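[1] my questions concern the predicted model and sequence given below.
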Amino acid sequence: MKKIIALAVAGAFVAPVYAAEVTVGGEIEYVYTDSDASDANIADNDNLIRVTATEELPNGMTITGKYQVIRDTSASNLENDGTNINLTGPHGNLTVGDTSGALDSTGDYTDVAPSGGGFAMDGPDSTLLYKLPLGVEGLTVAVSHSPDGTNSPGSNDSVKDGENGAAVTYSFGAGAVYYGTSSYPASAGAADDDYNAYGIKYSTSGFYLAYESGEKEPASGTKIEYTGAAVTYSMGDIKIGFESQETQTKGSAASVEDTIMFAEYNLGSNVDVYIAAVDDGTTTNDDSTRVGIEYNF
């Protein structure tokens with residue numbers, strides 16, 4: 001009897017065996033910014049911890065659950081942006097939760113600078129993203145949808161209620177092209193604002209070149225056009241680059257252009273250090289020099 005009790009007690013402390021493969025990763029980044037418009041400072045940049053579990057199901061599908069804890073630079077508390085469930089199989093690829101919208105799932109080819117910049121028409125987050133099983137090499141078609149009511153799959157306010165989007169991407173060797181669209185209301189009950197963008201990228205002999213263009217057509221108001229361009233050159237562990245993002249309001253002669261020149265050095269593994277000179281084209285003229293270190297694990 002004592003042996004049976006001892007085995008029962010020992011068995012209670014044996015960890016259960018799960019079929020899922022669980023990994024832990026994340027990102028830590030800090031940036032020193034010396035700006036013309038404010039005092040110099042050091043800030044984090046979306047530091048996060050990510051837990052991912054993947055399992056093969058008996059029916060041939062694969063399920064992946066991802067949970068993220070992130071400290072967004074614009075928030076004062078921890079958030080769980082990017083937390084979702086993904087099912088992949090013969091039916092295609094379905095993601096539910098805080099996920100990229102169709103337009104956000106592709107493109108953003110000109111967002112190359114380690115700090116500053118970013119193409120404004122890269123699309124919002126949504127709650128449902130479906131990638132069709134086309135079976136054509138290099139071709140991806142995605143659609144996205146969020147219900148009209150208030151959606152809260154995570155704490156990310158970039159998940160847009162009432163979002164509907166579609167995007168097509170074609171990759172060919174060292175290049176790729178895309179076109180995507182998204183529509184959603186600026187507020188509950190309002191008419192939809194429409195967004196669309198296209199872009200192309202190509203890599204050759206260490207060079208990377210990209211161009212993007214997009215526009216916002218509000219239900220009421222003036223159309224806004226966005227243009228992005230980027231060039232980088234990589235040689236071993238060193239990358240240097242240039243990024244330009246321009247905003248043009250229709251009917252206005254003036255435009256706003258942000259330009260970033262940067263150099264980035266890989267210290268080994270997933271550690272990068274960089275310096276970026278940001279020329280801000282807004283009326284505040286908030287030019288800055290930024291020095292940062294980023295560790296992905």
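    Arrived safely.

[2] give me the low-pLDDT residue ranges for the protein?
    The model of the chain has pLDDT under 70 over residues 1-18, 72-77, 154-157, 282-285.

[3] ranges for the helices of it?
    Assigned by DSSP state H, the helices in the chain fall at 2-12.

[4] what's near enough to touch G117?
    Contact criterion Cβ atoms under 8 Å, 6 or more residues apart in numbering gives T110, D111, E243, Q245, D258, I260, V278 as the residues in contact with G117. Every C-beta, even on glycine, is put in place using the N, C-alpha and C of the backbone.

[5] my guess is T227 contacts Q248. True?
    Yes: T227 lies in contact with Q248 (Cβ atoms under 8 Å); the separation is 7.4 Å.

[6] re earlier: which among the contacts of G117 gets closest to T83?
    Nearest to T83 among the contacts of G117: D111, at 22.6 Å, using Cβ to Cβ.

[7] so what's that closest one up against?
    Contacts of D111 (Cβ under 8 Å, 6+ apart): G117, G118, F119, D122, G228, A230, E243.

[8] tell me, how many residues neighbour T204?
    The number of residues packed near T204 is 10, by other Cβ atoms under 10 Å.

[9] count the residues that sit near the closest residue to S38 other than its chain neighbours.
    Leaving out its chain neighbours, the residue that sits closest to S38 by Cβ to Cβ, 6 or more residues apart in numbering is D286, at 7.7 Å. Using other Cβ under 10 Å, D286 has 16 other residues around it.

[10] likewise for the one 3 residues further on?
    The burial metric for T289, expressed as a neighbour count using other Cβ under 10 Å, is 14.

[11] how much space separates it from D272?
    Distance of T289 to D272, given as Cβ to Cβ, to the nearest Å: 17 Å.

[12] likewise for D104?
    Distance from D104 to D272, by Cβ to Cβ: 24 Å.

[13] which one's more surrounded, those two?
    The neighbour comparison of D104 against D272 (other Cβ under 10 Å) goes to D104, with 25 against 19.
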